[in-house]
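Visitor: next come a sequence and a model predicted from it.
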Protein chains: 2
Amino acid sequence: MKIALDAMGGELAPQATVEGALLARKLWNIDTVLVGDPEKIRPILAKAGEEMEIVTATETIGFDEHPAKAVRQKKDASIVVAAKLVADDKAGALVAAGSTGAAMAASLLIYGRIKGINRPAIAFPMPTIKGMSLVLDGGANPEAGANNLVDFALMGSLYMEKVIGVTSPKVSLLNIGEEEIKGTPEVVEAYQILKQSNLNFIGNVEGRDITSGVADVIVCNGFVGNIVLKYTEGLAKGLFSIIKEAMLANFQGKLGALLVKNNLRKVKTRLDYSEYGGAPLLGLKKITIISHGSSDAKAIANAIRVANEAYSQKIVEATAQALEKRADS
Amino acid sequence: MKIALDAMGGELAPQATVEGALLARKLWNIDTVLVGDPEKIRPILAKAGEEMEIVTATETIGFDEHPAKAVRQKKDASIVVAAKLVADDKAGALVAAGSTGAAMAASLLIYGRIKGINRPAIAFPMPTIKGMSLVLDGGANPEAGANNLVDFALMGSLYMEKVIGVTSPKVSLLNIGEEEIKGTPEVVEAYQILKQSNLNFIGNVEGRDITSGVADVIVCNGFVGNIVLKYTEGLAKGLFSIIKEAMLANFQGKLGALLVKNNLRKVKTRLDYSEYGGAPLLGLKKITIISHGSSDAKAIANAIRVANEAYSQKIVEATAQALEKRADS
């Protein structure tokens, strides 16, 4: 099954998207269908001396448009056409690097929710000292009740298990203390439900644990998750600029900076969440992987790889089954 | 007026607290009264060949005790005795590096709230690319209504102006988007009130702006603020350990690391929020500055300096006046 790619989405599209699709084919033999303007896509394919299926979409949705409105009005937008391919089983999953809101709105409207999930969530991979943790919700739901948080925990756990390959993922609630009674009423109630669930619930984690890798899945509402997500981007960038400035402050530092440059570049790569293949939208009847707006070809390729993995591992079916089982018990 | 110091509070107390008080006297000629066990304090003073006023307190409150309960029961705990000195005008302000909860409980019970403030807040200094921003609430109020957020904005603005010396501080709401309609109902409502206030309100900032220095005061509820505060601690620590590991991965890197070592230490210092003198508890009738639990002498000295500044600049009176003016208008 092919993966549908919004070839027009993202700051570096269509150059980076088309190159990313080519890279995914080269590295992992995954086939992509490119959705967008053939006039813009073909020259890039031609230059690479390659061919790839293109499905025409004449419109695009920008970062500054109202997501739901744009999705409803622009029937021929690349993100809308791509989501329809997936809904119609002409592609296995969708990869989108354009407006996150538009990707969410299109996925929600065109796929629909899994039965039993009221609030789909954006799950984002967060680099840790040990590897990667999944934080959700990343911004789809600024407010979330106890049951929503419990759903996030279930969906995140299944994703880490099936797609990332973590056995019995450690699931946690992001909170302001470790004790059961800490936090808002929603979090306190979610704690009690999770304690009795069959998830590997390890309790609350605090802000300082986000990068420690102590939990595989970190659950919070979309307000908190979005702040954490964007703060991480800002802090990593800010910290590197401060470090660079400090290193270059004198001759000795400049010399040293030259010597550690390559090693530091590896740190930056490790902190780059595009390495982990983008953020899955969980709780819908089909799979969408949201890639960063500034995704380069490598990030797109990684997102395609993860989308393919999520499709092959039947993450949607696994989630639906787990919810049925939960409803029965 | 002297500053009251809980000499028994903090992981390195009483060594670091007493040394911090001596340092504050040496550097800025600020006088401190040490509250705690004279048997433990005197040898440290003697070794330094110095004298300082000691007020005896026979009990201590640990990090693992229930704050409000401990404060009520242990009438002779160092934090309780120190707060009483301030309430009785025998000291101008309190510095505490022990249990944050106990310092808050003691301050709240013994000082009382400023008229018009329902929810006092912890404000913490956050290092940015440009210098420092104040984030509040840092954890006193996991939930906060629109009016509480507006109070935090007012108190934070006055603190930055009077104590830190920022002219017309730029005040912002921490949110998941820049638009007025973004976020939870509380934040949306607070936006409308702040827009019409006489504060220098610059609108919403996102997670990525926290370290950019775009705002002087960043307002959020205590759940979000606490996650940001602790995440920052964890991330800075985690990132430095990843950077160190990466630099030392090969011979060239080791050599370079040796050369940039001193410069990188300066970065760590800059990111260390103890440099900015601890976190003020705002909205109470007297001043408490909370210093980090692992504060060393320098951090304690800085907290004493800031406590003295807050007292001299009459931050409590300024807040009370601003609230009266607001109530009249």
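Guide: The structure has been received and is ready for your questions.
Visitor: excluding its backbone neighbours, what's nearest A:K162?
Guide: A:Q313 (4.2 Å; C-beta to C-beta, 6 or more residues apart in numbering or on different chains). Yep, even glycine has a C-beta here, placed from its N, CA and C like the rest.
Visitor: burial of that neighbour, as a residue count?
Guide: 18 (other C-beta atoms under 10 Å in any protein chain shown).
Visitor: what of A:L194?
Guide: 22.
Visitor: how about the one 4 residues further on?
Guide: Taking other C-beta under 10 Å as the criterion, the count of residues near A:N198 is 11.
Visitor: and what of A:K84?
Guide: Around A:K84 there are 20 residues (other C-beta under 10 Å).
Visitor: ok, it - contacts?
Guide: By C-beta atoms under 8 Å, 6 or more residues apart in numbering or on different chains, the residues touching A:K84 are A:I110.
Visitor: name the element it belongs to?
Guide: helix A:78-87 (DSSP states H and E).
Visitor: CA atoms only: put the helix or strand that that helix is followed by into PDB for me.
Guide: Per DSSP H and E, the first helix or strand lying C-terminal to helix A:78-87 is strand A:93-96. The C-alpha coordinates for strand A:93-96 follow below in PDB (Å, rounded to 0.1, in the frame of the first residue of the first chain):
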ATOM      1  CA  ALA A  93      -1.600   6.600   5.500                       C
ATOM      2  CA  LEU A  94      -1.100  10.300   5.100                       C
ATOM      3  CA  VAL A  95       2.100  12.400   5.600                       C
ATOM      4  CA  ALA A  96       1.600  16.200   5.900                       C
END
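Visitor: quick check: mean pLDDT across the host helix or strand of A:E309?
Guide: Take DSSP H and E as the rule and A:E309 turns out to sit in helix A:297-312. If you average the pLDDT over helix A:297-312, you get 95.
Visitor: residue in the stretch 51-200 of chain A nearest to chain B?
Guide: Per C-beta to the nearest C-beta, A:I176 is where the stretch 51-200 of chain A lies closest to chain B, at 4.2 Å.
Visitor: tell me the pLDDT at that residue?
Guide: 94.
Visitor: dump whichever strand or helix holds A:A21 to CSV, restricted to CA.
Guide: According to DSSP H and E, A:A21 maps onto helix A:15-28. Extracted in CSV, the C-alpha atoms of helix A:15-28 (Å, rounded to 0.1, in the frame of the first residue of the first chain):
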residue,chain,number,x,y,z
GLN,A,15,11.3,20.3,-3.3
ALA,A,16,11.8,18.7,0.1
THR,A,17,8.6,16.7,0.0
VAL,A,18,9.3,15.1,-3.4
GLU,A,19,13.0,14.5,-2.5
GLY,A,20,11.8,12.9,0.8
ALA,A,21,9.5,10.6,-1.1
LEU,A,22,12.4,9.6,-3.3
LEU,A,23,14.6,9.0,-0.3
ALA,A,24,12.0,6.8,1.4
ARG,A,25,11.8,4.7,-1.7
LYS,A,26,15.6,4.4,-2.0
LEU,A,27,16.2,3.6,1.7
TRP,A,28,13.2,1.4,2.6
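Visitor: that one: what's the following helix or strand?
Guide: strand A:32-36.
Visitor: tell me what angle that following strand forms with helix A:78-87.
Guide: 140 degrees (axes from the mean of the first three to the mean of the last three C-alpha atoms, to 10 degrees).
Visitor: so which elements touch strand A:32-36?
Guide: strand A:3-6, helix A:15-28, strand A:54-56, helix A:78-87 (3 or more C-beta pairs under 8 Å, 6 or more residues apart in numbering or on different chains; DSSP states H and E).
Visitor: kindly recompute the last result at 10 Å.
Guide: Judged by 3 or more C-beta pairs under 10 Å, 6 or more residues apart in numbering or on different chains; DSSP states H and E, strand A:32-36 is in contact with strand A:3-6, helix A:15-28, helix A:38-48, strand A:54-56, helix A:78-87, strand A:93-96, helix A:297-312.
Visitor: give the closest residue to A:A87 in space, chain neighbours not counted.
Guide: A:A87 sits nearest to A:I110 (C-beta to C-beta, 6+ apart), 4.9 Å away.
Visitor: which parts of the helix or strand of chain A with the lowest mean pLDDT are buried?
Guide: Least confident element among the helices and strands of chain A, by mean pLDDT, DSSP states H and E: helix A:251-271 (a mean of 81). Neighbour-count burial for helix A:251-271 flags A:253, A:256-257, A:259-260, A:263-264, A:267, A:270-271 (criterion: 16 or more other C-beta atoms under 10 Å in any protein chain shown).
Visitor: out of the residues you listed, which are close to chain B?
Guide: Filtering the buried residues of helix A:251-271 for proximity to chain B by C-beta under 10 Å from any C-beta of the partner chain leaves A:253, A:256-257, A:259-260, A:263-264, A:267, A:270-271.
Visitor: check contacts around the most far-flung residue of chain A relative to its centre.
Guide: Of all residues in chain A, A:F251 has its C-alpha farthest from the mean position, at 41.8 Å, by C-alpha atoms, centre = their mean. Taking C-beta atoms under 10 Å, 6 or more residues apart in numbering or on different chains as the criterion, A:F251 is in contact with B:L259.
Visitor: equivalent analysis for A:K182, please.
Guide: With contacts defined as C-beta under 10 Å, 6+ apart, A:K182 is in contact with A:173, A:175-176, A:188, A:191, A:204, A:206, B:142, B:223, B:226.
Visitor: and with 8 Å instead?
Guide: A:175-176, A:188, A:204, B:142.
Visitor: just the buried members of those residues?
Guide: A:175-176, A:188, A:204, B:142.
Visitor: and the host helix or strand of A:L173, what does it pack onto?
Guide: Counting by DSSP H and E, the element that carries A:L173 is strand A:170-174. Applying 3+ C-beta pairs under 8 Å, 6+ apart, we find strand A:170-174 packed against helix A:146-159, helix A:185-195, strand A:200-205, strand A:217-219, helix A:222-247.
Visitor: in a markdown table: these, plus mean pLDDT.
Guide: Output for the helices and strands packed on strand A:170-174, formatted as a markdown table (pLDDT from 0 to 100):
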| stretch | mean pLDDT |
| --- | --- |
| helix A:146-159 | 97 |
| helix A:185-195 | 97 |
| strand A:200-205 | 98 |
| strand A:217-219 | 98 |
| helix A:222-247 | 85 |
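Visitor: one step back: just the C-alpha atoms of the helix or strand harbouring the residue nearest to A:A87, please, in PDB.
Guide: Element membership for A:I110 (DSSP H and E) is helix A:100-111. C-alpha atoms of helix A:100-111 as PDB (Å, rounded to 0.1, in the frame of the first residue of the first chain):
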ATOM      1  CA  THR A 100      -1.000  21.300  11.400                       C
ATOM      2  CA  GLY A 101      -4.500  22.700  11.900                       C
ATOM      3  CA  ALA A 102      -5.400  21.900   8.300                       C
ATOM      4  CA  ALA A 103      -4.000  18.400   8.500                       C
ATOM      5  CA  MET A 104      -6.000  17.800  11.700                       C
ATOM      6  CA  ALA A 105      -9.200  19.300  10.300                       C
ATOM      7  CA  ALA A 106      -8.900  17.300   7.100                       C
ATOM      8  CA  SER A 107      -8.200  14.100   8.900                       C
ATOM      9  CA  LEU A 108     -11.000  14.600  11.400                       C
ATOM     10  CA  LEU A 109     -13.600  15.500   8.800                       C
ATOM     11  CA  ILE A 110     -12.600  12.900   6.200                       C
ATOM     12  CA  TYR A 111     -11.600   9.900   8.300                       C
END
